[in-house]
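Participant: Turn this into a structure:
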Amino acid sequence: MSEKSLIQKAAADFAAAELAPVSFVPEKTAEYTEDAVKAMAAKGFLKVADIEEAAIVAEEFGKANASMAEVAVVANATAQIIDAYAPALAIDGMTGYAVYEEGDSCGTTVKAEKAGDAYTITGKKIAVALGGAADQYIVLATLDDALAAFVVKAADVAAEKFDKLGLRSYPTANLTMNAAPAVLLSADGGKVRAELNARIDVLNCYVGAGIAATCAEVSTEYAKTRVQFGAPIAKLPAVQFLLAEISIAEYTLKAVAAPAVEAILAGKPYVIEAAKAKYTASKSIWDAASNCVQIHGGTGYSREYPIERYYREAKTLFNNTDYFDYAEAKIAKEMLN
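Facilitator: Sure, this is the predicted structure:
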């Protein structure tokens, strides 16, 4: 068995044993399953060797528990960025990501100050990835009118829980910093932001593929066993078309992300490839989850079953409503250069 296959089996076995059992109730109640995350860390799933291994973990975890898959996505992406920009920086535990601010997604109202060789940050970040659960955060802040990236310890910020539509047991919080001590990660915060966002987007394609795989599995089983007018609904052409579209979505989500993964592994630019992947993946996962709900009929809308959760997860996974215009502009700019 190849190393890749071994990683996939280990992730799949772990997801079935540890993540699937805590996927339903904690998501309904927005409860952070800390024990599951500790188990993920102990098995090495939160700091894997490279983007390819992170993608394997993201997909397998996405099949069982998308909230916990997102924990692995952010933990791995931030660890890889810190290794790329400041390999000598001593980092323990999980690293979150603080970029968004009220009325602004570019990190321009949170300010960094320098005094001698030391930095401090003051301001508020919203919807922080791994907020309230991470040991430290990559924080984007303005330093001398330019965007820079810093690392701030969790002990030096105040966290307030941020609830959301889906991925509700994935920890998210608003962070307030008042002259919080910070370590400079890079003076080019724009580059860090673009590359970290790109890695998260690429890995989310694989989380989406995991969700789509589960949608395909449960929808196929339901269509075979749900009888209407004396026959399983699987015999209806309309239902067959919906099932086929879910399967196509699962394939598409991985296929569109593959060029970005290859570029990252080769040390080549990957931000544009990631933008293309996210643009397509957003629509694919939404279609897969919507079809799953439609096949299940009324059951699909009930909070007593996990079907509606897949739809909310799909909507939350790629939640930048203004992203399509941004991605198109970025892609077009590259084409015209």
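Participant: alpha carbons only for contacts and neighbour counts from here, please
Facilitator: Will do.
Participant: Can you tell me the SS state at residue 91?
Facilitator: Following DSSP: H, G, I helix; E, B strand; the rest coil, the label given to residue 91 is coil.
Participant: Contacts only, for it.
Facilitator: When the contact criterion is CA atoms under 8 Å, 6 or more residues apart in numbering, residue 91 has no partners at all.
Participant: what about it, distance to residue 200?
Facilitator: To residue 200, residue 91 is 19 Å away according to CA to CA, to the nearest Å.
Participant: same question, residue 17
Facilitator: Residue 17 is 25 Å from residue 200, where distance means CA to CA.
Participant: What's the local residue count around residue 276?
Facilitator: Number of residues near residue 276 (other CA atoms under 10 Å) recorded here: 20.
Participant: Same check on residue 130?
Facilitator: 24.
Participant: same question, residue 19
Facilitator: Using other CA under 10 Å, residue 19 has 26 other residues around it.
Participant: Next, the contact list for it, please.
Facilitator: Under the criterion of CA under 8 Å, 6+ apart, the neighbours of residue 19 are 36, 61, 64, 65, 68.
Participant: Looking at residue 17 and residue 200, which has the bigger crowd around it?
Facilitator: It is residue 200, of residue 17 and residue 200, that has more neighbours when counted by other CA under 10 Å, with 19 against 12.
Participant: Quick one: mean pLDDT for the longest helix seen in the chain?
Facilitator: The longest helix of the chain (DSSP state H) is helix 189-225. Mean pLDDT, computed over helix 189-225, is 96.
Participant: Show me what counts as buried in that helix.
Facilitator: By neighbour count with 16 or more other CA atoms under 10 Å, helix 189-225 contains the buried residues 189-190, 192-193, 195-220, 222-223.
Participant: Could you point out the helix or strand that follows that helix?
Facilitator: Note on helix 189-225: by DSSP states H and E, the next helix or strand toward the C-terminus is strand 227-228.
Participant: and the end-to-end length of stretch 21-33?
Facilitator: Distances were taken as CA to CA; on that basis the terminal residues of stretch 21-33 are 11 Å apart.
Participant: Quickly note the distance from residue 296 to residue 284.
Facilitator: Note on residue 296: its distance to residue 284, by CA to CA, is 19 Å.
Participant: which of the two has more neighbours?
Facilitator: Relative neighbour count places residue 284 above the other of residue 296 and residue 284, with 25 against 18, counting by other CA under 10 Å.
Participant: Next, that one: secondary structure please.
Facilitator: helix.
Participant: if we can go back for a sec, which helices and strands sit right next to the longest helix of the chain?
Facilitator: helix 51-64, helix 66-85, strand 136-143, strand 146-153, strand 231-232, helix 237-266, helix 271-296, helix 307-317 (3 or more CA pairs under 8 Å, 6 or more residues apart in numbering; DSSP states H and E).
Participant: List of residues touching the shortest one?
Facilitator: In this case it means strand 231-232. Contacts of strand 231-232 with the rest of the structure, by CA under 8 Å, 6+ apart, involve 223, 224, 225, 226.
Participant: same thing with stretch 81-90?
Facilitator: Contacts to stretch 81-90, defined as CA under 8 Å, 6+ apart, come from residues 185, 186, 192, 195, 196.
Participant: And for stretch 209-218?
Facilitator: Defining contact as CA under 8 Å, 6+ apart, one finds that stretch 209-218 is touched by 58-64, 66, 243, 246-247, 249-251, 253-254, 285, 288-289, 292, 307, 310, 314.
Participant: I'd like to know which of the contacts of residue 19 are buried.
Facilitator: If you count burial by 16+ other CA under 10 Å, the buried members of those come out as 36, 61, 64, 65, 68.
Participant: The last one contacts residue 39, doesn't it?
Facilitator: No. Proximity of residue 68 to residue 39 does not meet the contact threshold set by CA atoms under 8 Å, at 11.1 Å.
Participant: returning to what we had before: the helices and strands packed on helix 189-225 into CSV, with extra columns for distance to residue 177 and mean pLDDT?
Facilitator: CSV is the format used below for the helices and strands packed on helix 189-225 (distance: least, CA to CA, whole Å; pLDDT from 0 to 100):
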stretch, distance to residue 177, mean pLDDT
helix 51-64, 31, 98
helix 66-85, 20, 97
strand 136-143, 10, 96
strand 146-153, 9, 96
strand 231-232, 58, 94
helix 237-266, 33, 97
helix 271-296, 29, 94
helix 307-317, 26, 94
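Participant: Same list (those) but as TSV, adding distance to residue 175.
Facilitator: Shown next, in TSV, are the helices and strands packed on helix 189-225 (distance: least, CA to CA, whole Å):
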stretch	distance to residue 175
helix 51-64	26
helix 66-85	17
strand 136-143	10
strand 146-153	11
strand 231-232	51
helix 237-266	30
helix 271-296	27
helix 307-317	20
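Participant: among those, which is nearest residue 173?
Facilitator: Between residue 173 and the helices and strands packed on helix 189-225, the shortest gap by CA to CA is with strand 136-143, which sits at 11.7 Å.
Participant: contacts for that closest one?
Facilitator: Applying CA under 8 Å, 6+ apart, the set of residues contacting strand 136-143 from outside is 78, 93-99, 107-113, 121, 147-155, 189, 193.
Participant: Show the model's pLDDT score for residue 332.
Facilitator: 78.
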